[in-house]
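Peer 1: The sequence and its predicted three-dimensional model are supplied below.
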Amino acid sequence: MFFGAQFAFGHITTNTPPAASEGTYQHYTFFASSTAQTDFATTTTATSTNITPWFNSDGRYDNGAFNIAGAKKVTFYFSRGDTTGEGNTGSTLFEVQVTPDGTNWYDFNKLVQNLATSTTPTTLGGVTISAATSTVIVSLDIEDDTFYATRCIVKETTDGEHSCSASANW
């Protein structure tokens, strides 16, 4: 007999298998310019999922998001440079968003960067690269979190060429 018991029911809204199997490694480059896959950078403020979805040369559907379902570790590579003659005196803010379902996106504020001047990793909401041609590497602190996919946000202040890629292992 149950007295005063209430039942709560749930519904699985997304049932996605892992993007890869155990021990698999994948690398994804954001900001594809076209189906020709010739340019993977932006020279303006941009969100990686604001592209027309297409199929790459491997037959994989690309909508600007990296499927990280079931990943154990995800690492981002933020780069700034000038290979197109746009100039490189300004700065770029790189941010990451995550989604549990492919539709609703949320800012991810647990980017981990181990700085050369510190033995303690620093947790960040974004990374700025100023007036330089360089790459900054950060990891997503996902030890206690799970996500379906991730995307890259670039906020340009003046000029430059901005690229973003990520690697994941399962």
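Peer 2: Structure received.
Peer 1: where's the spatially most central residue of the chain, which helix or strand?
Peer 2: With distances taken as C-alpha atoms, centre = their mean, the residue of the chain nearest its centroid is R151 (3.7 Å). Secondary structure from DSSP states H and E places R151 in strand 149-156.
Peer 1: Using CSV, write out the CA atom coordinates for stretch 84-93.
Peer 2: The C-alpha trace of stretch 84-93 is given here as CSV (Å, rounded to 0.1, in the frame of the first residue of the first chain):
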residue,chain,number,x,y,z
THR,A,84,43.9,36.7,-46.8
GLY,A,85,45.4,40.2,-46.5
GLU,A,86,42.7,41.5,-44.1
GLY,A,87,45.1,42.8,-41.5
ASN,A,88,45.8,41.5,-38.0
THR,A,89,46.0,44.4,-35.6
GLY,A,90,42.7,43.8,-33.7
SER,A,91,41.6,41.1,-31.5
THR,A,92,39.3,38.1,-31.5
LEU,A,93,37.1,36.7,-28.7
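Peer 1: And the contacts of it?
Peer 2: 43, 78, 80-82, 126-133, 154-162 (C-beta atoms under 8 Å, 6 or more residues apart in numbering). Every C-beta, even on glycine, is put in place using the N, C-alpha and C of the backbone.
Peer 1: Apart from its chain neighbours, what residue comes closest to I137?
Peer 2: Y77 (5.6 Å; C-beta to C-beta, 6 or more residues apart in numbering).
Peer 1: check contacts around F94.
Peer 2: So F94 contacts 76, 78, 126-129, 136, 152-155, 162, 164 (C-beta under 8 Å, 6+ apart).
Peer 1: Kindly recompute the last result at 10 Å.
Peer 2: 76-80, 111, 124, 126-129, 136, 138, 152-155, 162-164 (C-beta atoms under 10 Å, 6 or more residues apart in numbering).
Peer 1: Which pLDDT value goes with it?
Peer 2: For F94, the pLDDT comes out at 93.
Peer 1: and if you look at F78?
Peer 2: F78 carries a pLDDT score of 92 in this model.
Peer 1: That one: helix or strand, and which one exactly?
Peer 2: Going by DSSP H and E, F78 is part of strand 73-81.
Peer 1: helices or strands next to that strand in the packing?
Peer 2: For strand 73-81, the packing partners by 3 or more C-beta pairs under 10 Å, 6 or more residues apart in numbering; DSSP states H and E come out as strand 25-29, strand 91-99, strand 111-113, strand 127-130, strand 134-140, strand 149-156, strand 161-169.
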